[in-house]
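*Asks:* Quick check, what structure comes out for this input:
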Amino acid sequence: MTRRVAGLLLTGVLFTAGGPAFAHHSFAMFDRDNPVELEGIVQEFKLSNPHTFILLEAKQKDGSTKVWNLEGMSPSGLVREGWSSRTLKVGDELKLIIWPLRSGAPGGAWHIDKINFRDGRPLIEAP
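*Replies:* Numbers count the residues shown, from 1 in each chain. This is a model prediction of the structure:
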């Protein structure tokens with residue numbers, strides 16, 4: 001086998017192995033042009049791969065409540081920022097800004113610098 005053929009074969013193997021990394025979903029399902037402010041109570045916090053999730057029971061304008069399924073960054077990214085599986089607890093009251101789902105379903109994406117306790121305190125203090 002020539003060096004050129006071996007190089008092409010190796011390149012093909014590397015691109016094939018990297019396929020799952022390229023398969024990560026886009027964030028096109030979230031409406032980044034129309035952020036929504038939510039206030040609510042944490043029902044569950046999932047620090048799981050590939051993304052973290054907060055289930056938040058939020059009051060609606062009509063007084064009813066709705067549970068929002070909110071997607072966050074990867075667990076490894078949050079751990080680097082000082083988070084753990086105990087950072088959010090059931091019953092914590094939060095105020096956050098999300099990018100809602102374009103479908104109108106009660107869900108969206110949250111970002112670490114757009115989340116505070118309901119009284120305004122930041123969830124994680126800056127170092």
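
*Asks:* Please tell me how far Ser64 sits from Pro106.
*Replies:* Going from Ser64 to Pro106 by CB to CB, to the nearest Å gives 11 Å. Yep, even glycine has a C-beta here, placed from its N, CA and C like the rest.

*Asks:* Looking at the two, which one has more neighbours?
*Replies:* Using other CB atoms under 10 Å, the more surrounded residue of Ser64 and Pro106 is Pro106, with 16 against 8.

*Asks:* Go through stretch 110-118 and flag the buried ones.
*Replies:* Of the residues in stretch 110-118, those with enough neighbours to count as buried (16 or more other CB atoms under 10 Å) are 110, 112, 115-116.

*Asks:* Over to Gly77: give its phi and psi.
*Replies:* Note on Gly77: backbone dihedrals following degrees, to the nearest 10 are phi -70, psi -40.

*Asks:* where in this protein is pLDDT low?
*Replies:* Within the chain, the segments meeting pLDDT under 70 span 1-26, 125-127.

*Asks:* any idea where the helices of it begin and end?
*Replies:* Using DSSP state H, the helices of the chain run over 3-17, 19-22, 75-80.

*Asks:* for Ala109, what are its contacts?
*Replies:* Shown in contact with Ala109 (CB atoms under 8 Å, 6 or more residues apart in numbering): 27, 30, 70-72, 98-99.

*Asks:* Looking at these, state which has the most neighbours.
*Replies:* That'd be Leu70 among the contacts of Ala109, by other CB under 10 Å, with 27 neighbours.

*Asks:* My guess is that residue contacts Ile98. True?
*Replies:* Yes - using CB atoms under 8 Å, Leu70 is in contact with Ile98, at 5.9 Å.

*Asks:* Quick check: neighbours shared by those two?
*Replies:* Common contact partners of Leu70 and Ile98 (CB under 8 Å, 6+ apart): 108-110.

*Asks:* Inside strands: which ones of the residues you listed?
*Replies:* Per DSSP state E, strands hold the following members of the shared contacts of Leu70 and Ile98: 108-110.

*Asks:* Any chance of JSON lines for those residues, columns distance to Leu56?
*Replies:* Below are these laid out as JSON lines (distance: CB to CB, whole Å):
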{"residue": "Gly108", "distance to Leu56": "10"}
{"residue": "Ala109", "distance to Leu56": "13"}
{"residue": "Trp110", "distance to Leu56": "9"}
